[in-house]
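**Student:** quick one: sequence and predicted model below, then my questions.
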Amino acid sequence: MPETGDFSSQRDLSLLLRENINDLIALMAVAEERSFTRAAARLNVSQSALSHTIKALEKRLGLRLLTRTTRSVAPTIEGEDLLATLSPALETIEERLVALTENQSTPTGTVRIVATDYTIETLLWPKIAPVIKNYPAVRVEFVNDYGYTDLASAQCDAGVRYGDQVSDGMISMRIGPDERMVCIGTPGYFAEHGEPETPNDLSEHECINLRLSTHGALYAWEFEDKDKREIRVKVTGQLCFDTIMTIYRAVLDGHGLALVPERLVEKDLAEGRLKMCLGDYSPYFDGFHLYYPSRLRTSSAFQVVLDALRERG
């Protein structure tokens, strides 16, 4: 049995180790994000608390680990040296923990996906819903966002966007067919106001706008002429929403024209509730793709989601 002094020393060492590990993880987050704001969001702590943690670590070590400016944060030489040892060690631990999880017979874990409400309702949920019942230990969280979300700052595992173009360090996987945006309205609206023959004619019509969350600007309606030249039109109207699904409801209620994904209104068009115009100006483009970090080691829960969403042909 250890002496009382030995036990006290072991306890002090344990506390010191735990304190340093938490602070070193905070340091690595700031260094990777090059920003206290983004790192704080990633760690789910306040910016002031994170700044205090880093200052306490620097004071304890007697070293300046980060160089701070008004625009960015970067590691010092001492900080780079520490991170060069820290990053591989933490990655090894993380990989081992994931491997242990994957050895379980039942997939377990939480997967957070950021996407638009339209994508969640018409693509993600129909594919995931029948699968998720078979894996009660897998939890899926959907985050509605119309911006080009930074996965780390949003604490999400994956996101959805049109096309396969993603930044370095990301993997893109197709999860839906090619699509196009179409201009639609109710038969009653067209009977009263007529139909636009070209995209520029939309200036004479009541159009329902979409405001983008990325920078707060209105979405410019995109078309293409017969020579494949892009046409962008800024429309005006009485109504503006920040989600496609509310725009869809407004156009069904006869409040004007809207530019929406064709797949969303296929049934309404077939059954006569809505009517399309400017179809010759509406090109097809690459469908939805799931994107996620290439350095993310696929967990058993994430693999279940990937298999469910993968486009089958």
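**Tutor:** On my side now, so go ahead. Residues are numbered from 1 along each chain as shown.

**Student:** in the stretch 51-200 of the chain, which spans are strands?
**Tutor:** The residue ranges that make up the strands of the stretch 51-200 of the chain, judged by DSSP state E, counting those that start in this stretch, are 66-68, 73-75, 109-115, 138-144, 158-162, 170-174, 181-185.

**Student:** in this structure I247 contacts V260, no?
**Tutor:** Yes. A contact is recorded between I247 and V260 when judged using Cβ atoms under 8 Å, the distance being 6.4 Å. For glycine as for every other residue, the C-beta is placed from the backbone atoms N, C-alpha and C.

**Student:** which one's more surrounded, the two?
**Tutor:** Looking at I247 and V260 with other Cβ atoms under 10 Å, you find the greater number of neighbours at I247, namely 24 against 21.

**Student:** so which strand or helix has the more buried one?
**Tutor:** helix 244-252 (DSSP states H and E).

**Student:** could you report the neighbour count for E94?
**Tutor:** Applying other Cβ under 10 Å, we find 11 other residues in the vicinity of E94.

**Student:** quick one on the thing from earlier: counting contacts, what elements does the helix or strand just after the helix holding I247 pack onto?
**Tutor:** Counting by DSSP H and E, the element after helix 244-252 in chain order, helix or strand, is strand 258-261. Helices and strands touching strand 258-261, as assessed by 3 or more Cβ pairs under 8 Å, 6 or more residues apart in numbering; DSSP states H and E, comprise strand 181-185, helix 244-252.

**Student:** okay, the angle between the last one and strand 181-185?
**Tutor:** Think helix 244-252. The directions of helix 244-252 and strand 181-185 differ by 30 degrees, with axes from the mean of the first three to the mean of the last three Cα atoms, to 10 degrees as the criterion.

**Student:** what comes up buried for helix 244-252?
**Tutor:** For helix 244-252, burial by neighbour count (16 or more other Cβ atoms under 10 Å) applies to I244, M245, I247, Y248, A250, V251, L252.

**Student:** same question for stretch 73-93.
**Tutor:** For stretch 73-93, the neighbour count (16+ other Cβ under 10 Å) marks V73, P75, G79, L82, L83, L86 as buried.

**Student:** give me the residues contacting it.
**Tutor:** Outside of stretch 73-93, the residues within contact range by Cβ atoms under 8 Å, 6 or more residues apart in numbering are 24-25, 27-28, 30-31, 34-36, 63-67.

**Student:** one more time with 6 Å
**Tutor:** With Cβ atoms under 6 Å, 6 or more residues apart in numbering as the test, stretch 73-93 has contacts from L24, M28, V30, A31, R34, L63, R64, L65, L66, T67.

**Student:** quick one on the thing from earlier: out of the buried residues of stretch 73-93, which two sit at the greatest distance?
**Tutor:** Put simply, by Cβ to Cβ the two of these set farthest apart are V73 and L86, 16.3 Å from each other.

**Student:** check what pLDDT L274 gets.
**Tutor:** Per-residue confidence (pLDDT) for L274: 97.

**Student:** equivalent analysis for E94, please.
**Tutor:** Checking the pLDDT column for E94, the value is 71.

**Student:** and the gap between it and S294?
**Tutor:** Taking Cβ to Cβ, to the nearest Å as the measure, E94 falls 15 Å from S294.

**Student:** try T67
**Tutor:** Counting by Cβ to Cβ - T67 and S294 are separated by 28 Å.

**Student:** bridged to R174, which residues?
**Tutor:** Under DSSP bridges, the beta-bridge partners of R174 are H289.

**Student:** tabulate the strands of the stretch 51-200 of the chain (TSV), appending mean pLDDT and distance to E222.
**Tutor:** Rendered in TSV, the data for those read as follows (pLDDT from 0 to 100; distance: least, Cβ to Cβ, whole Å):
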stretch	mean pLDDT	distance to E222
strand 66-68	87	41
strand 73-75	87	38
strand 109-115	90	20
strand 138-144	90	22
strand 158-162	86	11
strand 170-174	85	21
strand 181-185	96	7
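
**Student:** point out the most buried one among those.
**Tutor:** Highest mean neighbour count among the strands of the stretch 51-200 of the chain (mean count of other Cβ atoms under 10 Å): strand 181-185, with a mean of 24.

**Student:** would you map the helices across the stretch 51-200 of the chain?
**Tutor:** Per DSSP state H, counting those that start in this stretch, the stretch 51-200 of the chain has helices spanning 77-102, 117-119, 125-132, 151-154, 187-193. These are given in chain order.
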